[in-house]
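Trainee: Sequence plus predicted model, see below.
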Amino acid sequence: MSRTFDFLFYPKKPKDWERGPVKLYLRITIDGKRSETTTSLAVDPKNWEAGKLKGTKEEVKSFNGYVDTLRNQLYDCHKNLLQNGEDITADSLRNEFAGKGERPRYLVEIFKAHNSNIEKLIGKDYAKPTLTKYVTTLNHLENFLKWKYKTSDINLAKLKYEFLTDFEFYLKTEKSIDHNTTAKYIKNTKKVINDCMAKGWLKANPFSNYKITTKLVDRTFLSENELDILANKELKLERVALVRDIFVFSCYTGLSFIDVANLTPNHIAIGMDREKWIFTNRQKTNTASHIPLLPPAMEIINKYKDHPAAVNKGRLLPLLSNQKMNAYLKEIADLCEIHKDLTFHVARHTFATTVTLTNGVPIETVSKMLGHKKLQTTQHYAKILDKKISQDMGNLFKKYKRNAKLKKVAKK
């Protein structure tokens, strides 16, 4: 919206003024509303005319030159407010000119500083994947600002409720990102805003009433029969067989790809039951994960203990890249006639459901082995299968059948 803008430098005479210099004031007028501030200059009103001192002496020229500098500074202040999207009023321009306004803070600038701090704390307070998720969020945020506002950054004071609703819309439509991933990016953005609130950079949280929750999704896992078929399938190509074996190892340990990749022989030790265990920390959350080695997992370790790719790198098992592993897993699924979208993470779901919970392992124990911080996270992974329900209800069926027989005997 176009606004009228005018200003005037003038000597302000007190009521009892008779002679002598007085302070030079600046009066700013925007849309008919005035605001004043004093300058550091003093001038004799009798010598002030048309916004400058009268005379040709060198000191007069120097004084008028300084006033011109103040005029240019005022124009610069007006330009800064305009470029930063500030609401330009007589008072805001006066405060900017007088240096009374708070330094404007910008979202992308703050987000970059936030990510820089996380990067410096990797290995101490954060794991590398934490930085990755915030960097990705920032990339989407910068692209959104260009798409929606045609700018590279935005003043915190300009953030409104609809900023996040528009950001959500952008991620889902322009980037075709699914709901749950969108929710994660929104959550990361809100975390940075909450930090700004804690530091007193925002008077009120513009997103306090904004809610977005993740939707429960059906996680793919292998049934006991499918796992047996896959584990025992004869595969002629060595590389394909290797991928299958590493996948099966994860099915019996619950470790993610990156955690399997990080394993060394030093992560194997004797547990309290005098059997071999894996003692490691999850890279994603840096939480401890202690896993007893089941016989199928131990067989795979023994099979590859002398493999050159593992020995040369000091790793427990030889691995291809995650991308190549997932590509081979789709081929393996076809060979085994398993009609599921097989990725390496399916192995982790299989451990939580088919290998552990279905066989009566308490969910608290499963949660510890998976390295989850919250039991709720494990509940999202784990499914209670019909087989487990049947086992749990078996004793109850027997009780009712026994009671029914007793009633028949009593009637006779």
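Mentor: That came through fine. Note that the structure is a prediction, hence the values are computed from the model and not measured.
Trainee: Any figure for the gap between the closest residue to Asp245 other than its chain neighbours and Thr350?
Mentor: The shortest distance from Asp245 to any non-neighbouring residue, by CB to CB, 6 or more residues apart in numbering, is to Ile300 (5.1 Å). Yep, even glycine has a C-beta here, placed from its N, CA and C like the rest. Separation of Ile300 from Thr350 (CB to CB, to the nearest Å): 15 Å.
Trainee: likewise Lys313?
Mentor: Distance from Lys313 to Thr350, counting by CB to CB: 26 Å.
Trainee: Of the two, which one has the most company?
Mentor: The residue with more neighbours, out of Lys313 and Thr350, is Thr350; 26 against 12, by other CB atoms under 10 Å.
Trainee: okay, now the domains of this protein?
Mentor: Described in terms of automatic domain parsing, the domain architecture of the chain consists of the residue ranges 5-98, 107-198, 224-389.
Trainee: export the ones you listed to CSV and tack on distance to Lys215 and mean pLDDT?
Mentor: Shown next, in CSV, are the domains of the chain (distance: least, CB to CB, whole Å; pLDDT from 0 to 100):
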stretch, distance to Lys215, mean pLDDT
domain 5-98, 35, 86
domain 107-198, 6, 92
domain 224-389, 11, 90
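Trainee: by contact count, what packs against the helix or strand encompassing Tyr75?
Mentor: Tyr75 belongs to helix 58-83 when elements are defined using DSSP states H and E. Helix 58-83 sits against strand 5-11, strand 22-30, strand 33-43, strand 52-53, helix 90-98, with contacts defined as 3 or more CB pairs under 8 Å, 6 or more residues apart in numbering; DSSP states H and E.
Trainee: go with 7 Å
Mentor: On a contact count with 3 or more CB pairs under 7 Å, 6 or more residues apart in numbering; DSSP states H and E, helix 58-83 meets strand 5-11, strand 52-53, helix 90-98.
Trainee: in the longest one, what's buried?
Mentor: Right, the one you point to is helix 90-98. 90-97 (16 or more other CB atoms under 10 Å).
Trainee: Quick check: next helix or strand after the helix or strand where Lys148 lies?
Mentor: Per DSSP H and E: Lys148 is located in helix 128-149. Next along the chain after helix 128-149, taking DSSP H and E as the criterion, comes helix 161-173.
Trainee: tell me the contacts of Ile88?
Mentor: Going by CB atoms under 7 Å, 6 or more residues apart in numbering, Ile88 touches 3, 30, 78, 81-82.
Trainee: how does it look with 10 Å?
Mentor: Contacts for Ile88 (CB atoms under 10 Å, 6 or more residues apart in numbering) come out as 1, 3, 5, 30-31, 77-78, 81-82, 96.
Trainee: Any quick ChimeraX command for the buried ones out of those residues?
Mentor: To isolate the buried ones among the contacts of Ile88 in ChimeraX, judged by 16+ other CB under 10 Å, type:
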select :5,30,77,78,81,96
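Trainee: right, and the secondary structure at the residue lying closest to Pro292 once chain neighbours are set aside would be what?
Mentor: Excluding the flanking residues, the one nearest Pro292 by CB to CB, 6+ apart is Trp277, at 5.2 Å. Following DSSP: H, G, I helix; E, B strand; the rest coil, Trp277 is assigned to strand.
Trainee: how far away is Thr56 from Val248?
Mentor: Distance from Thr56 to Val248, by CB to CB: 96 Å.
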